[in-house]
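Participant: Sequence first, predicted model second:
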Protein chains: 4
Amino acid sequence: MIVVLKHDPNQAQLESLKAWLQEKNIVIHESIGHSNTILGLVGDTSKLDGDLIAALDIVESVKRVQEPYKNANRKFHPEDTIIDLGCTTIGGDNLTIMAGPCSVETEEQVVAIARAVKASGATMLRGGAFKPRTSPYSFQGLGQRGLEILKVARQETGLPIVTELMDLSQLPLFKDVDVIQIGARNMQNFDLLKAVGHQDRPVMIKRGMSATYEEWLMSAEYVMSGGNENVILCERGIRTFESYTRNTLDLAAIPVMKKLTHLPIIIDPSHATGKSWLVEPLALGAVATGCAGLQIEVHNDPAHALCDGSQSLKPEVFDPLAKKLLKLHAAMKDLEG
Amino acid sequence: MIVVLKHDPNQAQLESLKAWLQEKNIVIHESIGHSNTILGLVGDTSKLDGDLIAALDIVESVKRVQEPYKNANRKFHPEDTIIDLGCTTIGGDNLTIMAGPCSVETEEQVVAIARAVKASGATMLRGGAFKPRTSPYSFQGLGQRGLEILKVARQETGLPIVTELMDLSQLPLFKDVDVIQIGARNMQNFDLLKAVGHQDRPVMIKRGMSATYEEWLMSAEYVMSGGNENVILCERGIRTFESYTRNTLDLAAIPVMKKLTHLPIIIDPSHATGKSWLVEPLALGAVATGCAGLQIEVHNDPAHALCDGSQSLKPEVFDPLAKKLLKLHAAMKDLEG
Amino acid sequence: MIVVLKHDPNQAQLESLKAWLQEKNIVIHESIGHSNTILGLVGDTSKLDGDLIAALDIVESVKRVQEPYKNANRKFHPEDTIIDLGCTTIGGDNLTIMAGPCSVETEEQVVAIARAVKASGATMLRGGAFKPRTSPYSFQGLGQRGLEILKVARQETGLPIVTELMDLSQLPLFKDVDVIQIGARNMQNFDLLKAVGHQDRPVMIKRGMSATYEEWLMSAEYVMSGGNENVILCERGIRTFESYTRNTLDLAAIPVMKKLTHLPIIIDPSHATGKSWLVEPLALGAVATGCAGLQIEVHNDPAHALCDGSQSLKPEVFDPLAKKLLKLHAAMKDLEG
Amino acid sequence: MIVVLKHDPNQAQLESLKAWLQEKNIVIHESIGHSNTILGLVGDTSKLDGDLIAALDIVESVKRVQEPYKNANRKFHPEDTIIDLGCTTIGGDNLTIMAGPCSVETEEQVVAIARAVKASGATMLRGGAFKPRTSPYSFQGLGQRGLEILKVARQETGLPIVTELMDLSQLPLFKDVDVIQIGARNMQNFDLLKAVGHQDRPVMIKRGMSATYEEWLMSAEYVMSGGNENVILCERGIRTFESYTRNTLDLAAIPVMKKLTHLPIIIDPSHATGKSWLVEPLALGAVATGCAGLQIEVHNDPAHALCDGSQSLKPEVFDPLAKKLLKLHAAMKDLEG
């Protein structure tokens, strides 16, 4: 951490800052210039509160050199995290394809979709039982009954399930869910992050609509600091001035996350764009950019989906897409080889 | 609601859409052009799901004419909401000034600040017991003990207290808090919104960092649709590309909210800017623009504040500011008069 | 165009609006609801000024159904535009690779890079002679001498050149440049757009840092309405709150532009990210998403580049990348086939 | 400037960097930590290219301590710049009110508005002769004839005029314009900035829609480095995800600019919001926040304004507003006194 002091700082305050830092086993390198003195802080600065130091009267600004996350940091864990779900893994060599409806509606619907997407090559079933909706008047999901339907579909197809947890009071219901999804709007629901950090199911954290890479990784750090190392990141678009697409999908997140962290990164082109015809080109782009997998909405009757139908694909459109994605994933390995 | 159909729509699907709308007591006005047919929908469209209609194969786009919120809508409630806290009100003629530390640290600290800000003209005490922090390694607040300290300070000064609720599991502890604050990161924590909608304490909803006006009002609608009409809105800056200030304070939110809703609007210049020297000019600007009140961080030792110290004012700096704000508020009434 | 009237509009003003529209050969369909009357306008509305209508006292809002651009609109020109540069084309089946240094420095440098990138598979040479720099103290480019160096490199290698025009006073110097680039900062320099619309060189328009798709297409429309049909679009990242990358590359622009317009779309991953190690994964992603080509910075000594060195690749890094891109482009055709 | 080196940097490259810096009379303070070495650079670093240094293989990151602008920097020019237009000044104690139509249409219109706004308290006449329009099919302004009309209105009323220059080829026509306006879309038209830096008329630079404070000041620096010290800054809203208002007016720009620079700052609430009913509250807010003046659109027939009518006030609405603004400006001085 680098601390730039203001010109001619109060010496008593400066001594007090130095003493406080030394208590924390931080070694200080001081370089004195014409207009500013700079303190280079060496040691474990990940737990130093930069904002607190920046608030001191004598300090002009503070710059971190080390990242504020440790468990999620590739520097300290160079090997890729691979999450083992029994019948499939997330991360590593294979391409994860999570497919299914935005909302769970009926058992018939979900089982039919699960069978279809499995046949096309999907490796996991997605579906929402608890639904975050901006309007209190919109359909809020089937809740517990929805989870049961997902489990029936898992039993019928063998596909592991990923579904969203909205509040920690629902956690007991999620005990045998394969992957717990934390939605974009809850990315900084810190009590929820702590709660999923203290249980053993893998957790997929969707990037908040205006979250920076660092904040997203700090949310992963919350889960990991509780002891749960099985964290997956999912990019689903960030909010910009462009309103033609619902959000702006940030594919640079793929190589950036691969550099900064060892956790696998999944791309959700359905929510990012809000338009079903944009799913295919961006899913292909995500695979070529190197994502660990995709989350894609599939509905057998998109026009009557109870929510977010405009971004769903029909199974007969998903089928050739899934096959293309798997072929492209194989082709990318050949390109690298 | 206006539905623009694609060129040459499938007639069977069109009839099916019309029948579905008529079931919902929607009257349809059809106007047929060269390239597009337009359906004008008349009736209570606030509960129609525009996304669902937009997803239909035959539909090009959908435009709302009516707002999707009702309880929060000034059209249906033309009178200003004034929230009565016994010793003071929020909304109406007076200027609410919520002041206090970001984090509750000790009883001594909080009581001293409460006395000071009351003497300067503050009408409420703010302070965080449960703190949302981006890092799991930062101070997370005193929790329940912090709430008790706030209540001691209330007893000593008579100032009503406003403090943040982070998870619905904490709700029993907030029974005699005067105003429950929902933080920006929880603005779309819908389970939490529903929970505070079903209890009787007033609720202040901070605007999410990338929330639109409509989404913010829909969060108010969540609370109000549960039966709790005492909702306050608080603008605390939105995220933009500008990084010199922590966020960009959007003062246009004041007149826009006054037009769209009957709920009072509070401005938080401390969190919005992250710099204590920006608090005064923007607080003055907010009062002149017509806010119902302000939330301002005051700390008796900003440099040692356990969080967010860089945006806190010392009581001796807050004192002349509070007096200026009250004088300006009076002067603005004269200008209007 | 749809015009939503306010409740109970002034009838005289309404008649005056209708008369004005009819003068412009617009047919009006009126649908009267309980709270609002809606006018559906049919005819050539692309030249109607929606803002002007929205300003009328009786109007609540205006919604366009037709796009405001005509020449650039795929609806009226369903066939892809393919730009013929003699030895190569932009658009159509081949993958355009524009490579070269950010700034032209010396003849030796540019000729060496041109030879290297041609050998690797580049189809065009890029390089800046006139450089837009945020600081007046930064290197501003070699100007006319830089253009001459580019032409020498073209003669040596046969690669057509693309280079940025910053002001219309420089236009006479650009007579035999193969493609004139309009930079992101000049995307709405309307006098410049008009000027390049009245000459015969192809024009590549970089998307402004905060430009919407529609504004970008309207800039193309400026050029095309002057008579120059040879326009290329180049996405180079938009500005968001994320500051780890210089900008956020918006690959959704590829399929969106392919739907809205017949003009070819090029992706510039170098400027978008500002980091050389992000160029390869995003260039691969862009090809898989379906771009017509790429613009990539290559420098034989990136660390001493006079500007923007941090995003340049060395020729020995560009070489395997270019080969991968061409292989991937071929593989994508097979996937489609 | 602080340069953070990568772990274990190549020593030859490090020596070469140090030698290069020493040639430029930069003194280097080196502090060696466990994982990183930090170089503190002391001297005139405003002309060092941080991007260039950041591009070096051995460098992890670069942080500026000094601002990259000098002429515009308050540190080197502590006194406020006051621009003398003969009959009025911009900056200093008085409140500048620039009022007038978006577009100059007829002599009758402009003279009538000029007389009205002068009577209400405006100190300058604004009006567009050359108009930047996103569509080539929209009215582009009267051009030279518009400038002549403005001068007639100046002669009739004595109000100095401010009007936009769009291209340097028009500069000869602007010789006796009182203040030359550079529009938001041209804020980084560097050739235009250089040209107005080499002539003697004061220049008002509107902030670009996605420009940072630093970029805006660097545009001022372009003008000032050419010798023209009479620069005014004008905030007119930045682009965000919020689409209810045209842009988001950033009033924090007022105190931030007052700290960073000695140049006067003007606020344009008309363009920022795009809605005439938002002009009054935000203009009042801007005065209370401490702006040097305002630019407000006034039109005698807003509904028929040839452009941007939806944000114009009628003279009879402007009159009480101007009086309120002047009273508030006086009241703010009393508050400070």
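Facilitator: Yes, it's here. Since this is a predicted model, take the numbers as computed values, not measurements.
Participant: what's the pLDDT at residue A:315?
Facilitator: You'll see residue A:315 listed with a pLDDT of 94.
Participant: can you check residue A:304 too?
Facilitator: 62.
Participant: Same check on residue A:34?
Facilitator: So, for residue A:34, pLDDT stands at 66.
Participant: what does the stretch 51-200 of chain A have sitting close to chain B?
Facilitator: For the stretch 51-200 of chain A, the residues in contact with chain B (C-beta under 8 Å from any C-beta of the partner chain) are A:51-52, A:54-57, A:68, A:132-140, A:166-169, A:185-186, A:188-192, A:194. Glycine gets a C-beta too; all of them are placed from N, C-alpha and C.
Participant: Buried members of those into PyMOL, please.
Facilitator: Selection of the buried residues among these in PyMOL, burial being defined by 16 or more other C-beta atoms under 10 Å in any protein chain shown:
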select buried, chain A and resi 51+52+54+55+56+68+132+133+134+135+136+137+138+140+166+167+168+185+186+188+189+190+191+192+194
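Participant: so where's chain A shaky on pLDDT?
Facilitator: A:33-35, A:302-310, A:337 (pLDDT under 70).
Participant: Can you show me the strands along it?
Facilitator: A:2-5, A:27-32, A:37-42, A:59-63, A:83-84, A:89-90, A:96-100, A:124-126, A:161-164, A:179-182, A:203-206, A:231-235, A:265-267, A:293-297 (DSSP state E).
Participant: Reformat those strands as JSON lines; add mean neighbour count.
Facilitator: Formatted as JSON lines, those follow (neighbours: other C-beta atoms under 10 Å in any protein chain shown):
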{"stretch": "strand A:2-5", "mean neighbour count": "23"}
{"stretch": "strand A:27-32", "mean neighbour count": "16"}
{"stretch": "strand A:37-42", "mean neighbour count": "23"}
{"stretch": "strand A:59-63", "mean neighbour count": "19"}
{"stretch": "strand A:83-84", "mean neighbour count": "17"}
{"stretch": "strand A:89-90", "mean neighbour count": "22"}
{"stretch": "strand A:96-100", "mean neighbour count": "28"}
{"stretch": "strand A:124-126", "mean neighbour count": "28"}
{"stretch": "strand A:161-164", "mean neighbour count": "25"}
{"stretch": "strand A:179-182", "mean neighbour count": "25"}
{"stretch": "strand A:203-206", "mean neighbour count": "26"}
{"stretch": "strand A:231-235", "mean neighbour count": "27"}
{"stretch": "strand A:265-267", "mean neighbour count": "26"}
{"stretch": "strand A:293-297", "mean neighbour count": "27"}
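Participant: Need those strands in CSV (columns: distance to residue D:198).
Facilitator: Formatted as CSV, the strands of chain A follow (distance: least, C-beta to C-beta, whole Å):
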stretch, distance to residue D:198
strand A:2-5, 36
strand A:27-32, 40
strand A:37-42, 38
strand A:59-63, 35
strand A:83-84, 63
strand A:89-90, 61
strand A:96-100, 60
strand A:124-126, 62
strand A:161-164, 61
strand A:179-182, 57
strand A:203-206, 53
strand A:231-235, 48
strand A:265-267, 51
strand A:293-297, 56
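Participant: Which of these sits closest to residue D:325?
Facilitator: Set against residue D:325 and scored by C-beta to C-beta, those come closest in strand A:59-63, at 36.0 Å.
Participant: What is the burial count for the residue nearest to residue A:243 when sequence neighbours are not counted?
Facilitator: In space, and not counting its chain neighbours, residue A:243 is closest to residue D:243: 6.2 Å by C-beta to C-beta, 6 or more residues apart in numbering or on different chains. By the measure other C-beta atoms under 10 Å in any protein chain shown, the count of residues near residue D:243 is 13.
Participant: Does residue D:243 touch residue B:213 like I think?
Facilitator: No: the pair residue D:243 / residue B:213 is not scored as a contact, 9.4 Å apart, by C-beta atoms under 8 Å.
Participant: Tell me the residues of the stretch 51-200 of chain A that contact chain D?
Facilitator: So the stretch 51-200 of chain A meets chain D at A:60-61, A:63, A:65-66 (C-beta under 8 Å from any C-beta).
Participant: Okay, helices next: where are they in the stretch 151-300 of chain A?
Facilitator: Assigned helices in the stretch 151-300 of chain A, in chain order: A:190-197, A:213-225, A:253-260, A:269-273, A:279-289 (criterion: DSSP state H, counting those that start in this stretch).
Participant: Residues in contact with the first one: which ones?
Facilitator: The set of residues external to helix A:190-197 that reach it, using C-beta atoms under 8 Å, 6 or more residues apart in numbering or on different chains, is A:165, A:167-168, A:171, A:180, A:182, A:186, A:203, A:205, A:219, A:222-228, B:132-133, B:136, B:140, B:166-167, B:169, B:185.
Participant: likewise the shortest one?
Facilitator: Contacting residues not belonging to helix A:269-273 are listed as A:102, A:184, A:235-237, A:245-249, A:276, A:278-279, A:282-283, A:286, A:294-297, A:308, A:311-313, C:252 [C-beta under 8 Å, 6+ apart].
Participant: so what does the longest helix anywhere in chain A touch, helix or strand wise?
Facilitator: Using DSSP state H, we find that the single longest helix of chain A is helix A:315-336. Using 3 or more C-beta pairs under 8 Å, 6 or more residues apart in numbering or on different chains; DSSP states H and E as the contact test, the elements touching helix A:315-336 are strand A:96-100, helix A:107-120, helix A:279-289, strand A:293-297, helix C:279-289, helix C:315-336.
Participant: at 6 Å what do you get?
Facilitator: Counting contacts by 3 or more C-beta pairs under 6 Å, 6 or more residues apart in numbering or on different chains; DSSP states H and E, helix A:315-336 is packed against helix A:107-120, helix A:279-289, helix C:315-336.
Participant: Nearest to residue A:323, out of the strands of chain A?
Facilitator: Evaluated with C-beta to C-beta, the strands of chain A place strand A:96-100 nearest to residue A:323, the distance being 10.5 Å.
Participant: Let me see the contact set for the nearest residue to residue A:236 once chain neighbours are set aside.
Facilitator: Closest residue in space to residue A:236, ignoring its immediate chain neighbours: residue A:268 at 4.1 Å, by C-beta to C-beta, 6+ apart. Listed by C-beta atoms under 6 Å, 6 or more residues apart in numbering or on different chains, the contact set of residue A:268 reads A:234, A:236, A:295.
Participant: and if you look at residue A:185?
Facilitator: Per C-beta under 6 Å, 6+ apart, neighbours of residue A:185: A:132, B:188.
Participant: and the residue nearest in space to the middle of chain A, bridged to which residues?
Facilitator: Closest residue to the average C-alpha location of chain A: residue A:233 at 2.7 Å, with C-alpha atoms, centre = their mean. Going by DSSP bridges, residue A:233 is paired in beta bridges with residue A:205, residue A:265.
Participant: Could you verify my assumption that it touches residue A:264?
Facilitator: No: applying C-beta atoms under 6 Å, one finds residue A:233 not in contact with residue A:264, separated by 7.1 Å.
Participant: and the gap between residue A:326 and residue A:266?
Facilitator: As judged by C-beta to C-beta, to the nearest Å, residue A:326 and residue A:266 stand 16 Å apart.
Participant: Kindly report the same for residue A:134.
Facilitator: Residue A:134 is 23 Å from residue A:266, by C-beta to C-beta.
Participant: Equivalent analysis for residue A:190, please.
Facilitator: Residue A:190 is 22 Å from residue A:266, by C-beta to C-beta.
Participant: Over to residue A:272?
Facilitator: For residue A:272, the distance to residue A:266 - C-beta to C-beta - is 12 Å.
Participant: how deep is the closest residue to residue A:66 other than its chain neighbours tucked in, by neighbour count?
Facilitator: Among residues not flanking residue A:66 along the chain, residue A:45 sits closest, at 5.5 Å (C-beta to C-beta, 6+ apart). Residue A:45 has 19 neighbours, counted by other C-beta under 10 Å.
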